[in-house]
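# Give me coordinates for this.
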Amino acid sequence: MGGQAGPRGRAEGVPRRPEGFPRPDGSWFPYPLETPQTGDVVVRQTAAHAIGELERLLDLGTDQA
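Below you'll find the model as predicted:
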């Protein structure tokens, strides 16, 4: 839950820590929360619909002989 713990989690004592992970050398590698970043494509569909549409679009560019 890291840095994504909401007010309820903080009130219940869930520790808040930055998002990231330790590298083998012990230094910390931060990564952004799961929010859109510059250059990301935001798809406003359910995963089931979006995957089906992606599959259809990929099939359009293939030879289905």
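# If residue 22 is in a bridge, with which residues?
Residue 22 has these beta-bridge partners by DSSP bridges: residue 28.
# Give me the pLDDT for it.
As predicted, residue 22 sits at a pLDDT of 87.
# Please report the distance of it from residue 41.
The gap separating residue 22 from residue 41 is 30 Å, by CB to CB, to the nearest Å. C-betas here are computed from N, CA, C, even on glycine.
# Comparing those two, which residue is more hemmed in?
residue 22 (9 against 5; other CB atoms under 10 Å).
# what are the ranges of the helices in this structure?
7-11, 47-60 (DSSP state H).
# what residues does the last one touch?
In other words, helix 47-60. 43, 45 (CB atoms under 8 Å, 6 or more residues apart in numbering).
# again, only using 10 Å
43-46 (CB atoms under 10 Å, 6 or more residues apart in numbering).
# top of those residues by neighbour count?
residue 43 (12 neighbours).
# Point out where the chain drops to low pLDDT.
Within the chain, the stretches with pLDDT under 70 are 1-17, 61-65.
# The helices of the chain: which one's closest to residue 33?
helix 7-11 (14.5 Å; CB to CB).
# rewinding a little: could you dump the helices of the chain to CSV with mean neighbour count and distance to residue 18?
Output for these, formatted as CSV (neighbours: other CB atoms under 10 Å; distance: least, CB to CB, whole Å):
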stretch, mean neighbour count, distance to residue 18
helix 7-11, 10, 14
helix 47-60, 10, 28
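# Dump these to TSV, plus distance to residue 33.
Output for the helices of the chain, formatted as TSV (distance: least, CB to CB, whole Å):
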stretch	distance to residue 33
helix 7-11	14
helix 47-60	20
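# Check the gap between residue 33 and residue 50 for me.
21 Å.
# Tell me how many other residues crowd residue 33.
Neighbours of residue 33 using other CB under 10 Å come to 10.
# Disregarding flanking residues, what is the spatial nearest neighbour of it?
Spatial nearest neighbour of residue 33, excluding adjacent residues (CB to CB, 6 or more residues apart in numbering): residue 19 at 5.6 Å.
# separation between that neighbour and residue 25?
To residue 25, residue 19 is 19 Å away according to CB to CB.
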